[in-house]
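> Give me a model of this one.
(2 chains)
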Amino acid sequence: MIRSRLIPWVILLIVTIGCTACNTEHRFVKRTEFKGKNTIVISFAGPIDESWIKKTQAIRINEQQDPDILLKIDRVELSEDRTTLIIFLKDALNQTNVHQVTLNDIMSEGKSQGTAVVSVKKLYWGNLLTILIGAMFVQNYVFVKYLGLCIFLGVTKKRSTAIGMGISFTIVIIFSTTISWFLYQFILKPFQIEFLQIIVFIGLVALTVQAVDTILRKVNPILFKEFGVYLVLIISSCLILAVPLIMAAQDYDYFESLMLSSGAGLGFFVALFLMSCVRERLDLAPIPESYQGMPIAFIVSGLFALSFMGFSGMSLF
Amino acid sequence: MLEEKKSYSHIFLNGIFNDNPIFRLALSMCPAVGISTNMMNGLLMGIAVLFVQFCSSLTISLIKNYIHPRIRIPTYTLTIATWVTVTDLVLAAFFPVAYKALGIFVRLIVVFCFITMRLDVFARKNPVFPSLIDAVGMGLGFMVGMIAIGGVRELMGMGTLLGYDILGFRPLLFFVLPASGFFVVGFMMAIFNYTEIVYNRRKRARSITS
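Residues are numbered from 1 along each chain as shown, chains lettered A, B, ... in the order given. Here you go, the predicted model:
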């Protein structure tokens, strides 16, 4: 009985995962990638003319965040079959940022192929892993970005509650960010009503929490008895709203936002677990009377924040 | 309705002292730790929260008779979200520098627990005018807390207040580091607790001797 009810959900999940954001690359440009420290390689669908490369205004490269600052090009090479263009830059590239290459009026065999604006990204899987690890440790939402502190201080008195909260939070944040991504990409953006994102996202979070509550109550009452208490608390956390807002601001595609949300959830779980371990020990420690309770919890989290600063500036790929 | 009639000044001061959102209730600590590196940020955040609290209290106390009790929490959230959107757009249009300094926290006013709490505890059950006084008191309480934390951090870290040079040197640069927000809040809470403990002890001693 339960299995037959689950099948539509499984199909929905597969459809959700199978759907990726569409690429907006130019039709004549096949592939772009970073190579080495200061090289960008662009492959074309057909051979391009050497005279076009020699024009000064043909190629412009900038980082997507600041389009006004052009990067200096050292030299440009064309491969034997004239379909691959290798651009050497004067300075090393910051490969964590997306770069934008503007190819003005591409000439192929004497014919113009129009102007192409293509983006150069890191290897896709590496990018995903960077986002995941970044959200978990490097930019840990509790200790580096100071979000979700109400819940963090509220539920870390005991280790069991911390674990329960961590698990339910991770589940809810992944669900709500997924739904937010669909709404943002397919409704808010096409109709240009991005300014409504706060209202829409907070409504969605409340709906998701209610839905998870109802489904869990029917499907698995034992699990509900364990985690149901935390579900109501989740709505009042800053973090649950911050992740969709960051996702919208960065304009992530589906898998990137999935990685962001699971990284945020797992990072929160790690933070809760570490803090609850310390606070269980603090109960036995001789603390001055005026520091008991909240003040010492704040100072301990300050020490955690200092140690998490050690992760800053780390990049894997 | 309230059981006992409270005077307006009592309602007003309640938000600043007894129920201070930051030092007494320890709610909405995220901005208190995250963006209180200087006094100006604290002041701006306080003004934004005051505005949102004022407008949502006004809205809710005006329409309180039409809200079904079972859907009251979503109603509060949507009301607050509307006013936060207004604040967000106004700040982005007229104060772009401040908006950039406050960052994502302006939008996160939606989930500050104490605003929803005030709507549920006070504005839902009281007429318009007392709810407004309560809202102003609560907003000012938050603002005072933010300004206090921001002021301490700016004075200890940079030796300035609101950008004006006060001390002429930098005592402890550590206080402007992001992580020190936790320490400052912890120390200030400990000081509050300490004064309370000493006060109670003196009071008890006086009552025994007399």
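> And for the residue in the stretch 51-200 of chain A positioned nearest to chain B, nearest residue in space, chain neighbours not counted?
Across the stretch 51-200 of chain A, the shortest distance to chain B (Cβ to the nearest Cβ) belongs to A:Y146, at 3.7 Å. Any C-beta I mention is one placed from the backbone N, CA and C, and that applies to glycine too. Nearest non-adjacent residue to A:Y146, counting by Cβ to Cβ, 6 or more residues apart in numbering or on different chains: B:G34, 3.7 Å away.
> And the helices in chain A?
A:2-18, A:50-54, A:124-133, A:149-155, A:159-183, A:197-219, A:221-234, A:238-250, A:254-282, A:294-308 (DSSP state H).
> Mean pLDDT lowest where, among the ones you listed?
Least confident of the helices of chain A, judged by mean pLDDT, is helix A:2-18 with a mean of 65.
> Give me the neighbour count for the closest residue to chain B within the stretch 151-300 of chain A.
Going by Cβ to the nearest Cβ, chain B is nearest to A:F298 of the stretch 151-300 of chain A, at 3.3 Å. A:F298 is flanked by 26 other residues according to other Cβ atoms under 10 Å in any protein chain shown.
> ditto for A:Q139
Neighbour count of A:Q139, defined by other Cβ under 10 Å: 20.
> who are the neighbours in contact with residue 179?
As the question left the chain open, I've gone with chain A. Listed by Cβ atoms under 8 Å, 6 or more residues apart in numbering or on different chains, the contact partners of A:I179 are A:L204, A:T208.
> To clarify, I was referring to chain B.
B:A179 touches A:F143, A:G302, A:A305, A:L306, A:M309, counting by Cβ under 8 Å, 6+ apart.
> Now, of those, which are buried?
With neighbours counted by 16 or more other Cβ atoms under 10 Å in any protein chain shown, these contain buried members at A:F143, A:G302, A:A305, A:L306.
> and the residue nearest the centre of chain B, what does it touch?
With distances taken as Cα atoms, centre = their mean, the residue of chain B nearest its centroid is B:F142 (1.6 Å). By Cβ under 8 Å, 6+ apart, the residues touching B:F142 are B:N20, B:P21, B:I22, B:S28, B:G46, B:V49, B:L50, B:Q53, B:F114.
> ok, so what distance separates the fourth one from B:T82?
The reference is to B:S28. 19 Å (Cβ to Cβ, to the nearest Å).
> Do I have it right that the residue of the stretch 51-200 of chain A closest to chain B meets B:S36?
No. Between A:Y146 and B:S36 there is no contact under Cβ atoms under 8 Å: 9.8 Å.
> Now for those two: what residues contact both?
Both A:Y146 and B:S36 are in contact with B:G181, where contact means Cβ under 8 Å, 6+ apart.
> which residues does A:N104 contact?
Contacts of A:N104 (Cβ under 8 Å, 6+ apart): A:K55, A:Q57, A:A58, A:I59, A:R60, A:T115.
> Same question for A:R217.
Counting by Cβ under 8 Å, 6+ apart, A:R217 has contacts A:F224, A:G228.
> Helix or strand: which one has the nearest residue to B:N20 once chain neighbours are set aside?
Of all residues not flanking B:N20 in the chain, B:G141 sits nearest, at 4.6 Å (Cβ to Cβ, 6+ apart). In this structure, B:G141 is located in helix B:128-158 according to DSSP states H and E.
> Mind checking the pLDDT average for that helix?
89.
> need the next SSE after it, C-terminal direction.
Downstream of helix B:128-158 (by DSSP H and E), the next one is strand B:160-161.
> out of the contacts of B:F142, who's nearest chain A?
Distances from chain A to the contacts of B:F142, taken by Cβ to the nearest Cβ, are shortest for B:S28, at 6.8 Å.
> what residues does the stretch 101-250 of chain A put near chain B?
Neighbours of chain B within the stretch 101-250 of chain A, by Cβ under 8 Å from any Cβ of the partner chain: A:143-150, A:153, A:195-196, A:198-199, A:202-203, A:206, A:235-238, A:240-242, A:245-246.
> Pull out the buried residues from those residues.
A:143-150, A:153, A:198-199, A:202-203, A:206, A:235-238, A:240-242, A:245-246.
> The host helix or strand of B:S61 to helix B:128-158, inter-axis angle?
B:S61 belongs to helix B:39-62 when assigned by DSSP H and E. Here helix B:39-62 runs at an angle of 170 degrees relative to helix B:128-158 (axes from the mean of the first three to the mean of the last three Cα atoms, to 10 degrees).
> Show me what helix B:39-62 is packed up against.
If you count contacts as 3 or more Cβ pairs under 8 Å, 6 or more residues apart in numbering or on different chains; DSSP states H and E, helix B:39-62 packs onto helix B:72-94, helix B:96-102, helix B:113-118, helix B:128-158.
> between those helices, which one is nearest to A:A264?
Ranking these by proximity to A:A264 (Cβ to Cβ) places helix B:113-118 first, at 19.7 Å.
> roughly how far out does the closest one sit from the chain middle?
Remark: helix B:113-118 is offset 10 Å from the chain centroid, using Cα atoms, centre = their mean, to the nearest Å.
> Low-confidence stretches in chain B?
Applying pLDDT under 70 to chain B flags residues B:1-6.
> Please convert the helices and strands packed on helix B:39-62 to a markdown table, extending it with distance to B:S61.
Formatted as a markdown table, the helices and strands packed on helix B:39-62 follow (distance: least, Cβ to Cβ, whole Å):
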| stretch | distance to B:S61 |
| --- | --- |
| helix B:72-94 | 11 |
| helix B:96-102 | 28 |
| helix B:113-118 | 11 |
| helix B:128-158 | 4 |
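> Which one, of these, ends up nearest to A:V120?
Closest approach to A:V120 among these is made by helix B:96-102 (27.5 Å; Cβ to Cβ).
> what's the closest one in contact with?
B:I35, B:M40, B:N41, B:L44, B:M45, B:A48, B:L91, B:A92, B:V106.
> count of neighbours near the closest residue to B:F51 other than its chain neighbours?
Spatial nearest neighbour of B:F51, excluding adjacent residues (Cβ to Cβ, 6+ apart): B:T87 at 5.9 Å. Residue neighbour count, defined by other Cβ under 10 Å, stands at 20 for B:T87.
> now B:F23
Counted with other Cβ under 10 Å, the neighbours of B:F23 add up to 20.
> check contacts around it.
Each residue near B:F23 by Cβ under 8 Å, 6+ apart is listed here: B:G145, B:M188, B:M189, B:F192.
> closest to A:Y291 among these?
Using Cβ to Cβ, the contacts of B:F23 come closest to A:Y291 at B:M189, 8.6 Å.
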